[in-house]
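Visitor: starting from these lines, generate the structure:
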Amino acid sequence: MNPTAVPDLSSDAWLLALGTMLALALVGRLWHRWQQDRADKQALSCRSLPFDSTLARWPGVPEADTDMQRLVGEVQDRLGMQLLAARTLARTGDDLPGPARLMHLDQQLAQALLSLRLMREAVRAEPAALGDGLHGLQAHFQPMLAERGIRLSWQVDEAAATLHLPARSRLHLMRLVQEALDNVVRHAEGAHAAGFELRLLEERSQRSLCLRISDDGRGKPEGRRAEATARGIALMERIASDLGAPLAIGPARPGWVVDLTLKL
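Guide: Next up is the predicted model:
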């Protein structure tokens with residue numbers, strides 16, 4: 001074997017190896033974080049707690065706050081599904097051309113990293129300003145939409161960007177934004193432009209956070225995509241209900257819009 005030979009990086013074997021290495025690196029990072037969190041919890045806890053397999057327990061989230069524990073558990077479940085999908089694709093994606101398989105694997109791992117970011121945001125002792133958390137979502141979705149020929153306009157006014165929400169409301173809002181933008185990525189057929197707007201309005205003694213996510217694609221996808229979109233809409237409606245915030249989703253000129261108003 002020639003020691004100076006350059007490996008054929010376009011071969012399926014190399015693509016599978018690269019994808020597996022990326023997935024293992026991410027799993028290793030999560031395993032390290034889990035071990036660290038477990039050690040911190042054991043050091044801080046003065047009593048033992050019964051194991052509850054249906055409830056994710058994270059340091060930084062009070063055990064009495066069952067709603068936050070449930071929310072973090074849902075994000076954790078989503079992360080697990082994304083890692084499983086990436087692993088399945090790496091092992092069984094032989095029907096896809098090498099570059100296409102690598103692109104799909106990269107997207108799955110990017111989604112998993114986004115879920116990990118949401119979990120980290122949820123358990124921070126001192127949550128950052130809202131704009132800092134949203135910046136991570138912008139950095140994730142803007143290039144992803146650009147790859148599909150969709151230009152994302154991102155507008156957050158200074159008052160909204162510097163706002164500090166309670167951890168529960170913050171996680172709810174971040175998950176809704178993630179789901180809405182993910183729907184644009186997956187289902188905005190024929191779209192060329194999308195918009196994200198977040199404003200803090202003050203009227204008399206009432207402050208409201210106004211969110212709008214829109215695109216100019218066809219509003220109602222057909223066939224199997226409609227079912228996936230319906231699931232996304234149902235999740236956003238449940239999040240809005242938990243927030244106690246009015247939500248409007250549906251076709252609107254020139255395409256599709258998601259509107260949420262959260263009273264503070």
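Visitor: show me where pLDDT drops low in the stretch 151-264 of the chain?
Guide: Scanning the stretch 151-264 of the chain for pLDDT under 70 picks out the ranges 219-229.
Visitor: which stretches in it count as helices?
Guide: Here the stretch 151-264 of the chain has its helices, by DSSP state H, counting those that start in this stretch, at 158-161, 167-187, 224-243.
Visitor: as JSON lines, these with mean neighbour count would be great.
Guide: For glycine as for every other residue, the C-beta is placed from the backbone atoms N, C-alpha and C. Compiled in JSON lines, the helices of the stretch 151-264 of the chain are given as follows (neighbours: other CB atoms under 10 Å):
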{"stretch": "helix 158-161", "mean neighbour count": "14"}
{"stretch": "helix 167-187", "mean neighbour count": "22"}
{"stretch": "helix 224-243", "mean neighbour count": "15"}
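Visitor: and Leu264, which of those is closest to it?
Guide: Nearest to Leu264, of all the helices of the stretch 151-264 of the chain, is helix 167-187, at 8.6 Å by CB to CB.
Visitor: now do the closest one against helix 224-243, angle only.
Guide: Relative orientation of helix 167-187 versus helix 224-243 (axes from the mean of the first three to the mean of the last three CA atoms, to 10 degrees): 170 degrees.
Visitor: name the helices or strands packed onto helix 167-187?
Guide: helix 66-92, helix 98-122, helix 130-147, strand 193-203, strand 206-215, helix 224-243, strand 255-263 (3 or more CB pairs under 8 Å, 6 or more residues apart in numbering; DSSP states H and E).
Visitor: for it, C-alpha coordinates in CSV please.
Guide: C-alpha atoms of helix 167-187 as CSV (Å, rounded to 0.1, in the frame of the first residue of the first chain):
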residue,chain,number,x,y,z
ALA,A,167,-36.9,30.1,32.6
ARG,A,168,-40.2,28.4,31.9
SER,A,169,-41.5,31.1,29.5
ARG,A,170,-38.1,31.3,27.9
LEU,A,171,-37.9,27.6,27.1
HIS,A,172,-41.5,27.6,25.8
LEU,A,173,-40.8,30.5,23.5
MET,A,174,-37.5,29.0,22.2
ARG,A,175,-39.2,25.7,21.4
LEU,A,176,-42.1,27.5,19.5
VAL,A,177,-39.6,29.5,17.5
GLN,A,178,-37.6,26.3,16.7
GLU,A,179,-40.8,24.4,15.6
ALA,A,180,-42.0,27.3,13.5
LEU,A,181,-38.7,27.8,11.7
ASP,A,182,-38.3,24.0,11.3
ASN,A,183,-41.7,24.0,9.5
VAL,A,184,-40.5,26.7,7.1
VAL,A,185,-37.4,24.5,6.3
ARG,A,186,-39.4,21.4,5.7
HIS,A,187,-42.7,22.5,4.3
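Visitor: domains of the chain?
Guide: For the chain, automatic domain parsing gives the domain ranges 10-125, 129-264.
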